[in-house]
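*Asks:* Sequence and predicted structure below; questions after.
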Amino acid sequence: MSVVSQKKIATRQAYGEALVELGERNPDVVVLDADLSKSTYTYKFAERFPERFFNVGIAEANMMGIAAGLALAGKIPFASTFAIFGAGRAYDQVRNAIGYSAVNVKICVSHGGITLGEDGASHQMIEDLALMRAIPNMTVIVPADAVEARAATFAVAEHPGPCYVRLGRPAVPVVLPEDYEFRIGRAATLREGRDVAIIACGVMVAPALEAAEALAAEGIGARVINMSTIKPLDVGAVIRAAEECGAIVTAEEHNVLGGLGGAVAEVVADQAPVPVKRVGVRDVFGESGRPDELLKKYGLTAEDIAEAARAAIARRARAAAR
Amino acid sequence: MEEDYRELRAIARQIRKDIVRQVAGAQSGHAGSSLSAVEIGVALYWREMRLDPSRPDWPDRDRFCLSKGHASPLLYALLARRGYFPPEELDTFRRIDSRLQGHPARHKLPGVEISAGSLGQGLSQAIGMALAGKLDGKGYRVYALLGDGELQEGQVWEAAMFAGNRRLDNLCAIVDYNGLQIDGPVSEINDPAPVAGKFRAFGWHAVEIDGHDYRQIFAALAEARATRERPTCIVARTRKGRGIAAVEGTVKSHSWYPKVEELEDLYGEIDREDAPSAPSPQEVRAR
C-alpha cells in the first residue's frame, strides 16, 4: 500500500489556477510570460485578465526588467517561464534589477529539474536553487505538490520582496492535506521518527515518504520533513532534526551542490554536526528520457533515499564506536 | 526673442563642477559619460519632468531611468541640486557608508528610480513603469537615458521591439551618442548606427539632435510628448567629457578624474564655457 495519494497534479497547473483566483482578489497582480504560457499555465490568467497579462515573446531578460519596472510602479508582477530561462538565461537581470533592487517581483518558473524529461539536459535546470539562494534578498520556494503550489502562490503575493518559486512539469502525487497551512520559512514534519531525518523538497517529498515507510518495515524510524522554503531556511527544524535524530538525509531534484543539501549541510556543520547524506543529481548534466526513467537513472528514487538513510545511520554508529 | 537658456546654462555649469568634484574626491568614477549628458539631464530635471523633490515616491511623478548607470555622478548632481538631498553629500560619492554608490542604488537614495550598472537593463524597467502608468490611467511619462555603447547589449533591442509593438507613447528613450566607449570609438568596436533608423524600424518615432543645444533638446522632448501611439527615441549627439578641454572628445575621459588640487582651475574652465559644439557622427567616426 502506498503512503502517498494516488491523485496526481502538476505543481505548474495548480499555480496557473491559483493565479486566476489571485487575479480576482487583487487588481495589482499582473502576469508576464515569455512564449510559454501554455506550459506554465499562465494562459489561464491571460484568458481571464488579458489587460493584465504581458507576453513579451522569447526575451526573458526583457521580461525580468519589465517585471521590475511594473513592481517599481506598484504592481505585483508574476514572471513565468521555464526554470532554465528564469534563473539561467536572465540571471543578471534577476540579480540586479530584482534581487539587488529588492523589488516585489515573483519569479514563478516551471519545468525545474530533470523531470522536464524528453527535452534533455539543455532544458533541465539543476542549478537554479544554488543560483537563486545565493542572491541576497531572494526568497526561494519549492512546493512539494499541488496543494502547496497553490498556497505558495497566494503566500508570495502577500510577501514583500523578490521571490523565486520552482514548479515542475510532471503530475506529482498530492502529499499534503487540503487544510495544510503553508508559511514561508516554515518546514512541515510530515512523519515523526527519531532514527534519521529525511529533509526533502519538491518532487522528492513523495519518495521520501515512501522511503520512510520502507525503513519502518526494517525497524528504522525516519522523520520526514518537507522543507519547501529553501531560503530563508527553517534553521530550527534542521537543528532539531540533527539533535533528535542524529543523522540527516536531504533529497532534492537538483545538483547536490548548492541547493537544499548544501543549505542543510551548512547549518548542520555550523551548529549541530551529525552525518548528512545528500540525495540529488551528482554534479552531472541529465539527458532525454521519461521523468520516471531519469529519476531512476540519476539516483532520485525512494530506494535511493532509503539507502542514504541506512548509510547515514551506519556512519553515525561508526562515529559513536570510535 | 528666442530664449538664451541663461538660467539652465548656469545650472549646467554647477552640475559639471559637481561631477568633476565627485570623481576627484573619489579618485574614481565616470566623468566623461556624465559630462556628455549634462544638458539633457538639466533639461529633464529643471523643465521637462513633473517632479516633487519633497515627495520622491509621488505616484504621479514623471520617471527618469538612468540605464547607463556609470553616469551616476551626473544623476547625483542633478538630484542634489534639485533638492532631493544636500549637495554636501556629493563628497561621499563612492565612499564607505555612502548613499552615493558607484552605480545608483534605488533603495539607498531618494530620487533614484532604478538600480543600474549592468548595462542594457534600464529600458526594460522603464517599459514596466510605462505599462503600469497605462494600466492605472495615469498621465506620467517615463524617460530612459542610454549610452550609445550600451546599444550593443541585446536586451536593449528586446525592449525596443516590445515598446514599439505595445505603442508606449508615454515612453521616451534618449541615447547619449558621444561616440566613444571604454575600448575606443563605438563605430569601430561594434557600430550601432544607424540608431534612429533602427528604432524607427522597431516602430518608434525617432529624432536626431545636438545633445548640448537646449533649443533642440526641448523641441525633441515636446515632439516626444506630442507623439501618439509610438514611443520616441531621441538620438542626442554629444561630446564625451564635454566642458573639460583636456579630455573632451577622448576615450580617456571615460574614467578620467583630476587631482583635488586641480579643481579650482577646472571650475574656472567650466565657468568660461568655451568648449566647442557637438560634432557630427562623421566627426565622431573620424576621431
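*Replies:* Received, thanks. Numbering: from 1, shown residues only, chains lettered A, B, ... in the order given.

*Asks:* Grab the longest helix from chain A for me.
*Replies:* Looking across chain A with DSSP state H, the single longest helix is helix A:302-321.

*Asks:* can you give me the offset of that one from its chain's centre?
*Replies:* Relative to its parent chain, helix A:302-321 has a centroid offset of 25 Å by Cα atoms, centre = their mean, to the nearest Å.

*Asks:* Tell me which residues are up against it.
*Replies:* Contacts with helix A:302-321, where a contact means Cβ atoms under 8 Å, 6 or more residues apart in numbering or on different chains, come from A:195-196, A:198, A:200, A:204, A:207-208, A:210-211, A:214-215, A:220, A:222, A:246-249, A:251, A:274-279. Where C-beta positions appear, they are placed from N, C-alpha and C, glycine not excepted.

*Asks:* Skipping its backbone neighbours, what lies nearest A:Pro207 in space?
*Replies:* Sequence neighbours aside, A:Ala302 is the residue nearest to A:Pro207 in space, at 3.9 Å (criterion: Cβ to Cβ, 6 or more residues apart in numbering or on different chains).

*Asks:* Enumerate the positions of stretch A:262-270 that are buried.
*Replies:* Neighbour-count burial for stretch A:262-270, with 16 or more other Cβ atoms under 10 Å in any protein chain shown as criterion, is recorded at A:Gly262, A:Ala263, A:Val264, A:Ala265, A:Val267, A:Val268.

*Asks:* Which pLDDT value goes with B:Ile15?
*Replies:* As predicted, B:Ile15 sits at a pLDDT of 98.

*Asks:* re the thing from before, from the buried residues of stretch A:262-270, pick out the ones that also neighbour chain B.
*Replies:* Checked against chain B using Cβ under 8 Å from any Cβ of the partner chain, the buried residues of stretch A:262-270 give no members in range.

*Asks:* Mind checking which of the residues you listed are in strands?
*Replies:* Within these, membership in strands is found for no residue, as judged by DSSP state E.

*Asks:* Relative to B:Leu90, which of these is nearest.
*Replies:* Nearest to B:Leu90 among these, counting by Cβ to Cβ, is A:Ala263 at 41.8 Å.

*Asks:* What is the neighbour count of the closest residue to that closest one other than its chain neighbours?
*Replies:* Nearest residue to A:Ala263 in three dimensions, chain neighbours excluded: A:Leu233, at 5.1 Å (Cβ to Cβ, 6+ apart). Residues contacting A:Leu233 under the criterion other Cβ atoms under 10 Å in any protein chain shown number 20.

*Asks:* What is the three-state secondary structure of A:Asn104?
*Replies:* Of the three states, A:Asn104 takes coil according to DSSP: H, G, I helix; E, B strand; the rest coil.

*Asks:* check contacts around B:Ile217.
*Replies:* By Cβ under 8 Å, 6+ apart, B:Ile217 lies in contact with B:Glu39, B:Ile40, B:Ala43, B:Ile209, B:Gly211, B:Ile234, B:Ala236.

*Asks:* how does it look with 10 Å?
*Replies:* B:5, B:8, B:39-40, B:42-44, B:47-48, B:174, B:209-211, B:234, B:236 (Cβ atoms under 10 Å, 6 or more residues apart in numbering or on different chains).

*Asks:* go on, B:Ala116?
*Replies:* Counting by Cβ under 10 Å, 6+ apart, B:Ala116 touches A:96-97, A:101, B:65-72, B:75, B:103-106, B:122, B:125, B:145.

*Asks:* Out of the contacts of B:Ile217, which sit inside strands?
*Replies:* Judged by DSSP E, strands contain the following of those: B:Ile174, B:Ile209, B:Asp210, B:Ile234, B:Ala236.

*Asks:* Just the buried ones among the residues you listed, please.
*Replies:* With neighbours counted by 16+ other Cβ under 10 Å, these contain buried members at B:Ile174, B:Ile209, B:Asp210, B:Ile234, B:Ala236.

*Asks:* wait, isn't A:Leu260 in contact with A:Ala251?
*Replies:* Yes. Judged on Cβ atoms under 10 Å, A:Leu260 makes contact with A:Ala251 at a distance of 7.8 Å.

*Asks:* Now do the shared contacts for the two.
*Replies:* A:Ile199, A:Ala200, A:Cys201, A:Gly202, A:Met204, A:Met227, A:Arg278, A:Val279, A:Gly280.

*Asks:* Having no further points to raise, I will conclude here.
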